[in-house]
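[1] Turn this into a model:
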Amino acid sequence: MFSKLGTKIALQRAGLGDVKLPSFPKSESKNADGSPSEGFANPFANVQWGMPKAFSSWQAPPTPATTVREPPKIGDRAQSNVKLKFPAIDGRPCVVVFLRYCGCPFTEKLFLAMRALSNRHPSIHFIAISHCTPAATNEWVKKLGGAWNVDVVVDQTRELYALWGLGVSNWGHLLHPRNGYNQIMLGKTQGVWGQQVGEGGSRWQVGGAFAVDERGIMKWGKPMDSVDEEIRLDEAVRALGFGDSRTGVF
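    Presented below is the predicted three-dimensional model:
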C-alpha cells in the first residue's frame, strides 16, 4: 500500500499524475492436463496507459517529412518554403525564431523578448515557428498576452525545422544539470516558470534563431547549442542594420 502511495506522489511531482500504473492479470491459459496455469500472461496486454502531455513531450518526435539539412551559414541564401518564403513578400528583413516547444520557460522568455522587439522595430518582420498543434500554439500565445506584431507559423510536421538544420537534440543538450539550475533562477529572478506543455510538443526538438535580410540572405543566427543558451535578439536587429536595442536579451 505504502509503495503504491509513494509511487503516485512521485508521479504527481514529476507532472505525470494522470499516468495509470499497469496491473498484471493472471494468465487464463491452461496446463496440459486442463488445469488453470499459475503463470502470468503478457504483463502489458490490455493495459491502457494514460499519456499526459508532460509525459509524451519526453518521447522522441517522429521523423520529419524532410531530411534534416545542414544549418544555414551567414551569407547563405535562406531556405524558402510555401510556409516561409524568402525574400519576404512584404520586402522586409526578418528575424525568425524556431521555438523548442510551447510551455518551455526558456522559450517563453525568448518569445516575450521577440514580441517586445517587434513593437520597437516595425520595419523588421518577426516570425515565430511552433511545432505544437495549432490549438496548443494559439492557447500558449493567448496565455502570454497575444503575439502583438509577431507572426506565428505552425509547422507541426517539422518540415521547416528540418530545412533549417534543426533536428533532435542529444542527452547533453537537453539534460545538462545547468539547464535545471538556470530554469529555477529564471523563475525566481524574472518570474518566468513556463506553462503546460503544448500538445504535440517535444522537449528533444532543437530550437534556433536567425536574421535574414530583404534579399533573403542570412545575416546572423544558428541552432541553439543548449536548452538554456542565451539568445541575444538585439544582435539580430543590429545585424540587419537597425541599430542597438536593450530589449530582446534572453
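[2] In the protein, mark out all the helices, start to finish.
    2-13, 53-56, 105-120, 134-143, 159-163, 171-175, 177-190, 233-239 (DSSP state H).
[3] comparing those helices, which gets the lowest mean pLDDT score?
    Ranked by mean pLDDT, these bottom out at helix 2-13, with a mean of 46.
[4] hey, what's Gln205 bridged with?
    Val168 (DSSP bridges).
[5] wait, doesn't it sit right on Ala162?
    No: applying Cβ atoms under 8 Å as the test, Gln205 and Ala162 come out as separate, 10.6 Å apart. From N, CA and C alone the C-beta is placed, and that goes for glycine too.
[6] higher neighbour count, those two?
    Each of Gln205 and Ala162 has its neighbours counted (other Cβ atoms under 10 Å); Gln205 has more, 24 against 19.
[7] That one: what's it in contact with?
    Shown in contact with Gln205 (Cβ atoms under 8 Å, 6 or more residues apart in numbering): 61, 100-101, 131, 158, 161, 166, 168-169.
[8] now, among these, which is nearest to Leu240?
    For the contacts of Gln205, the residue nearest Leu240 by Cβ to Cβ is Leu166; the value is 20.9 Å.
[9] pretty sure that closest one contacts Pro223?
    Yes: contact criterion Cβ under 8 Å: Leu166 and Pro223 qualify, at 5.5 Å.
[10] Spit out the residues that contact those two alike.
    With Cβ under 8 Å, 6+ apart as the test, Leu166 and Pro223 both reach 71, 206-208.
[11] List just the nearest of those residues to Pro122.
    Nearest to Pro122 among the shared contacts of Leu166 and Pro223, with distances taken as Cβ to Cβ, is Gly208, at 23.8 Å.
[12] Report the contact partners of the closest residue to the closest one other than its chain neighbours.
    For Gly208, ignoring the flanking residues on the chain, the nearest one in space by Cβ to Cβ, 6 or more residues apart in numbering is Pro223 at 4.1 Å. Residues in contact with Pro223 (Cβ under 8 Å, 6+ apart) are 71, 164-166, 206-208.
[13] With Thr189 as the reference, measure out to Val227.
    17 Å (Cβ to Cβ, to the nearest Å).
[14] what does Phe126 give?
    Going from Phe126 to Thr189 by Cβ to Cβ gives 25 Å.
[15] Would you mind telling me which of these two has more residues around it?
    A direct count of neighbours by other Cβ under 10 Å for Phe126 and Thr189 places Phe126 higher, at 27 against 8.
[16] Hmm, Asn149 is touching Arg115, no?
    Yes: proximity of Asn149 to Arg115 meets the contact threshold set by Cβ under 8 Å, at 7.5 Å.
[17] Between those two, which has more neighbouring residues?
    Arg115 (21 against 17).
[18] From what I see, that one and Asp151 are in contact.
    No: using Cβ under 8 Å, Arg115 makes no contact with Asp151, being 11.2 Å away.
[19] quick one: common contacting residues for these two?
    Common neighbours of Arg115 and Asp151, counting by Cβ under 8 Å, 6+ apart, are Phe126.
[20] what residue ranges in the chain are flagged as low confidence?
    1-65, 170-177, 179-182, 244-250 (pLDDT under 70).
[21] domain parsing for it?
    According to automatic domain parsing, the chain comprises the domains 1-50, 57-239.
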